[in-house]
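**Student:** Please find the sequence and the predicted model below.
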Amino acid sequence: MALRTMLWGKKAIWRSAPAAGPQAPPAGTADDPAVPGRAGFNEAAAPPLHPPGAAGAGFSLRHAAEGRRASRPGAGDAASHPFPSTGPQGHRGRMRQKLLERGPDALADYELLEMLLFFAMPKGDTKPLAKALINRFGSFARVLAAPQQELLETRGLGEHSVAALKLVQASSLRLARAEVMEMPVLNKWDLLIDYLTAALAREKTEQFRVLFLDTRNRLVGDEAQARGTVNHTPVYPREVVKRALELNATALILVHNHPSGDPTPSGEDIAMTREVKAAAAALGIALHDHVIIGNGRHLSFRREGLL
């Protein structure tokens with residue numbers, strides 16, 4: 001009896017002795033807050049026995065496991081990671097923040113195109129496609145202005161993507177045209193040239209347009225009269241004048257592009273301009289100018305003394 005008492009006494013003394021240095025308690029001991037029913041179990045720190053509002057009682061092993069996972073450093077806590085997401089969604093969020101905080105000028109051309117493709121492609125990395133498109137067509141602006149069929153035939157693009165690109169192109173042209181229409185076009189010639197350059201400079205075939213003006217030289221119509229080949233567009237002075245009468249226009253500005261990039265007028269350009277001028281003058285309609293749009297350059301017949 002004495003021996004048993006001594007043994008139990010020593011065992012009790014051994015159990016009550018403090019551990020040497022900080023040690024993590026082994027799983028399943030009384031110090032593990034995830035194990036209920038043991039000494040030292042902290043109910044406040046433990047997960048609930050059942051979801052709030054649910055009927056019934058009893059300990060849920062699933063909730064206990066979740067409690068252990070949540071106790072690990074960084075587990076379930078996005079704020080503990082330097083990058084909350086390393087996938088496309090995290091990248092897209094950072095791109096949006098960059099745009100909103102630093103403005104569009106902080107974005108490279110491929111980044112603008114990449115973000116534009118976000119709207120057509122809810123998932124996936126659009127950066128490689130954006131860079132490939134710029135490599136193929138030459139620039140961000142040329143991607144937007146590329147023929148629809150060529151875009152549809154481009155690997156990686158579908159109808160949604162092409163529609164997004166063309167929507168942005170149309171929006172930018174309408175914005176530029178709206179700025180031109182607010183005042184007499186002859187008073188803000190630079191804005192007019194910017195608009196015409198955006199509309200025509202990247203076309204791969206010739207396009208002949210007419211700007212119809214009222215008595216105050218405000219734009220009442222901007223219409224494509226004809227489309228031609230890479231170096232020729234048929235123009236009919238009678239049709240130009242007829243349309244001017246329909247719009248009650250009192251003045252005209254002729255515009256066409258040279259896909260070659262060189263805005264130097266040909267002999268046919270000069271002859272056609274004189275024919276339109278004569279037909280319009282017969283009905284009291286003035287021809288203010290004929291502008292040829294090239295690649296980054298333009299030519300004004302009036303400034304060159306050709307009118």
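**Tutor:** Okay, I see it. Numbers count the residues shown, from 1 in each chain.
**Student:** measure stretch 122-133 end to end?
**Tutor:** Using CA to CA, to the nearest Å, one end of stretch 122-133 lies 19 Å from the other.
**Student:** which secondary element of the protein has the worst mean pLDDT?
**Tutor:** helix 61-71 (a mean of 44; mean pLDDT, DSSP states H and E).
**Student:** packing partners for the lengthiest helix in the chain?
**Tutor:** Identified as the longest helix of the chain according to DSSP state H is helix 159-181. The contact analysis (3 or more CB pairs under 8 Å, 6 or more residues apart in numbering; DSSP states H and E) places helix 159-181 against helix 109-118, helix 140-145, helix 148-152, helix 189-200, strand 219-227. In this view, the C-beta of every residue, glycine as well, is placed from N, C-alpha and C.
**Student:** sorry, back to before: past the least confident helix or strand of the chain, which element shows up next along the chain?
**Tutor:** Downstream of helix 61-71, the first helix or strand assigned by DSSP states H and E is helix 88-102.
**Student:** okay, the angle between the longest helix of the chain and helix 109-118?
**Tutor:** Angle of helix 159-181 versus helix 109-118, following axes from the mean of the first three to the mean of the last three CA atoms, to 10 degrees, is 110 degrees.
**Student:** So what touches helix 159-181?
**Tutor:** With contact meaning CB atoms under 8 Å, 6 or more residues apart in numbering, helix 159-181 is reached by 116-117, 119-121, 143-146, 148, 151-152, 188, 191-192, 194-195, 198-199, 218-219, 222.
**Student:** got it, and stretch 254-270?
**Tutor:** Stretch 254-270 is contacted by residues 196, 200-201, 203-211, 230-233, 240, 273, 276, 287, 289-299, 301, 306 when judged by CB under 8 Å, 6+ apart.
**Student:** now do 7 Å
**Tutor:** Here stretch 254-270 makes contact (CB atoms under 7 Å, 6 or more residues apart in numbering) with 196, 200-201, 203-211, 230, 233, 273, 276, 290-295, 297-299, 306.
**Student:** Tell me, what's the model's pLDDT at residue 191?
**Tutor:** Looking at residue 191, its pLDDT reads 89.
**Student:** That should have said residue 243, apologies.
**Tutor:** pLDDT, residue 243: 95.
**Student:** Now the element after the helix or strand encompassing it, going C-ward?
**Tutor:** Residue 243 belongs to helix 237-246 when assigned by DSSP H and E. Later in the chain than helix 237-246, the nearest helix or strand by DSSP H and E is strand 251-257.
**Student:** Next SSE downstream of that next one?
**Tutor:** Strand 251-257 is succeeded, C-terminally, by helix 267-281 (DSSP H and E).
**Student:** quick one: average confidence on that next one?
**Tutor:** 94.
**Student:** in that helix, what counts as buried?
**Tutor:** Buried residues in helix 267-281, counted by 16 or more other CB atoms under 10 Å: 269, 272-273, 276-277, 279-280.
**Student:** what do you get for stretch 238-256?
**Tutor:** Using 16+ other CB under 10 Å as the test for burial, stretch 238-256 gives 240-241, 243-244, 249-256.
**Student:** Looking at those residues, which two lie furthest apart in space?
**Tutor:** Spanning the widest gap among the buried residues of stretch 238-256 are 250 and 256, at 21.7 Å by CB to CB.
**Student:** Show residues contacting stretch 90-110.
**Tutor:** Contacts of stretch 90-110 (CB under 7 Å, 6+ apart): 83-84, 111-112, 115, 118, 130-131, 134, 139-140.
**Student:** one more time with 10 Å
**Tutor:** Residues from elsewhere that reach stretch 90-110 (CB atoms under 10 Å, 6 or more residues apart in numbering): 83-85, 111-115, 118, 122-123, 125-135, 139-141, 143.
**Student:** Can you tell me which of those are buried?
**Tutor:** Neighbour-count burial (16+ other CB under 10 Å) is assigned, among the contacts of stretch 90-110, to 111-115, 118, 126-127, 129-131, 133-134, 140-141, 143.
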